[in-house]
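Participant: heads up, no residue letters with this:
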Ligand SMILES: [Mn+2]
């Protein structure tokens, strides 16, 4: 275990001060031995429409400085239980897609061998393929929770093998994913062809459209479905911020009206703490099209929620682990330490 530098305390330094690492965590570029290593992936060579996701890691870190390790309905301070650091960014070629994918695969595989889990902030969605390759190398076939407006199981276009609509197609074809343990939620809008969803569905993937996310009981119904599909398999969670409606998340590469609310997305992630998460990514924030940083702020909050769910999954007392409401989480679960006022 590395020596953890003193964290920047919310009580000793205003949230807008100091260097903007993710949640102002310690910067440890070659992280070894941590529970979760946060990693930026500034790359958008796979973007098909609006470019700019390469600028997302910095924007997300900037907005994340407001966020604390505590939440009023989250129990202990995350960072009193988990050792989390910001491991900086992957250095990815902006000129060669193949080189970027290869570099990311090697770097993420190494990061996951050296630490228990990673939380990656993209970058465009093509980088989920290197992320899943890294998780597969350590854990074998993966369950996948994929929240997105698009299935991203589409074929190559314009002559290249990869783009931000292909990562889960190759993830399935390479055998990284157990298709029967994969669920996609929020799918909608304009797909390349009328039968585009035949590809994942034909392989056994559970596809939930945005229309199927409607109704007063939707979050509870879908969190239960996520648990049933993912089961005990090592779980890779991939959040494309465009799963959320452009009204809440305008800063993204391929916006699609009719999406989830921010609250619905955060509610669905509550399923993750009951499963076996091993790696996370939050992709497709596009700062040049953002307004007041609201999309980057949402991505930062999703990251914090995923850290909290990782804590629930791997540090919560499984004998009293709750099943549905977050209120029960706080009241029912026990954790090894109490909050000491860390950020
Ligand atoms: Mn996507």
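Facilitator: Good, I have the coordinates. Since the model is a prediction, treat every value here as computed from it, not as a measurement. Numbering: from 1, shown residues only.
Participant: the stretch 201-343 of the chain: helices as residue ranges?
Facilitator: Shown for the stretch 201-343 of the chain, the helices assigned by DSSP state H, counting those that start in this stretch span residues 218-230, 262-268, 294-315, 326-332.
Participant: what's the burial count for the residue nearest to residue 286 when sequence neighbours are not counted?
Facilitator: Sequence neighbours aside, residue 52 is the residue nearest to residue 286 in space, at 4.3 Å (criterion: Cβ to Cβ, 6 or more residues apart in numbering). The way it works is simple: take the backbone N, C-alpha and C, and place the C-beta from them, glycine included. Neighbours of residue 52 under the rule other Cβ atoms under 10 Å: 19.
Participant: over to residue 194?
Facilitator: For residue 194, using other Cβ under 10 Å, the count is 7.
Participant: quick check: residues of this structure near the ion?
Facilitator: 125, 148, 152, 240 (Cβ under 5 Å from the ion).
Participant: residues near the second one, how many?
Facilitator: Residues within reach of residue 148, counting by other Cβ under 10 Å, total 26.
Participant: kindly report the same for the last one.
Facilitator: Counted with other Cβ under 10 Å, the burial measure for residue 240 works out to 28 neighbours.
Participant: count of residues packed around the nearest residue in space to residue 160 that is not next to it in sequence?
Facilitator: Spatial nearest neighbour of residue 160, excluding adjacent residues (Cβ to Cβ, 6+ apart): residue 97 at 5.9 Å. The number of residues packed near residue 97 is 18, by other Cβ under 10 Å.
Participant: and residue 277, by the same measure?
Facilitator: Residue 277, neighbours per other Cβ under 10 Å, totals 25.
Participant: wait, what's in contact with it?
Facilitator: Contacts for residue 277 (Cβ atoms under 8 Å, 6 or more residues apart in numbering) come out as 117, 234-237, 306, 309-310, 313-314.
Participant: next, format those residues as CSV and append distance to residue 299 and neighbour count.
Facilitator: Shown next, in CSV, are the contacts of residue 277 (distance: Cβ to Cβ, whole Å; neighbours: other Cβ atoms under 10 Å):
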residue, distance to residue 299, neighbour count
117, 18, 23
234, 23, 21
235, 19, 25
236, 17, 27
237, 13, 26
306, 11, 23
309, 15, 23
310, 16, 26
313, 21, 19
314, 23, 18
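Participant: let me have the residues you listed in a markdown table, extended by pLDDT.
Facilitator: Shown next, in a markdown table, are those (pLDDT from 0 to 100):
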| residue | pLDDT |
| --- | --- |
| 117 | 98 |
| 234 | 98 |
| 235 | 98 |
| 236 | 99 |
| 237 | 99 |
| 306 | 97 |
| 309 | 96 |
| 310 | 96 |
| 313 | 96 |
| 314 | 94 |
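Participant: biggest strand in this structure, by residue count?
Facilitator: strand 177-187 (DSSP state E).
Participant: adjacent strands (with direction) for that one?
Facilitator: strand 142-147 (parallel), strand 206-209 (parallel) (DSSP bridges).
Participant: hmm, who's touching the first one?
Facilitator: Think strand 142-147. Residues contacting strand 142-147 (Cβ under 8 Å, 6+ apart): 132, 135-136, 152, 168, 171, 176-178, 181-186, 226, 229-231, 233-240, 243, 260, 265, 268, 271-272, 275-276, 278.
Participant: buried only: go through those for me.
Facilitator: Among the contacts of strand 142-147, those buried by neighbour count (16 or more other Cβ atoms under 10 Å) are 132, 135-136, 152, 168, 171, 176-178, 181-186, 226, 229-230, 233-240, 243, 260, 265, 268, 271-272, 275, 278.
Participant: what about residue 246, neighbour count?
Facilitator: Count around residue 246 with other Cβ under 10 Å applied: 17.
Participant: residues in contact with the closest residue to it other than its chain neighbours?
Facilitator: Spatial nearest neighbour of residue 246, excluding adjacent residues (Cβ to Cβ, 6+ apart): residue 255 at 4.1 Å. By Cβ under 8 Å, 6+ apart, the residues touching residue 255 are 149, 242, 246, 249.
Participant: and what of residue 199?
Facilitator: 151, 153-154, 169.
Participant: check residue 129 too.
Facilitator: 101, 105, 162, 166-167, 170-171.
Participant: rerun at 7 Å
Facilitator: Residue 129 makes contacts with 101, 167, 170-171, as judged by Cβ atoms under 7 Å, 6 or more residues apart in numbering.
Participant: need phi/psi at it.
Facilitator: Main-chain dihedrals, residue 129, degrees, to the nearest 10: phi -60, psi -50.
Participant: could you measure from it over to residue 92?
Facilitator: Distance of residue 129 to residue 92, given as Cβ to Cβ, to the nearest Å: 13 Å.
Participant: residue 220 now?
Facilitator: For residue 220, the distance to residue 92 - Cβ to Cβ - is 39 Å.
Participant: check the stretch 201-343 of the chain for the residue nearest the ion and tell me.
Facilitator: residue 240 (3.5 Å; Cβ to the ion).
Participant: next, the contact list for the residue lying closest to residue 207 once chain neighbours are set aside, please.
Facilitator: Setting aside the residues directly before and after it, residue 207 is nearest to residue 184 in space (Cβ to Cβ, 6+ apart), at 4.9 Å. For residue 184, the contact set (Cβ under 7 Å, 6+ apart) comprises 146, 148, 151, 200, 205, 207-208.
Participant: perfect, I'm done here.
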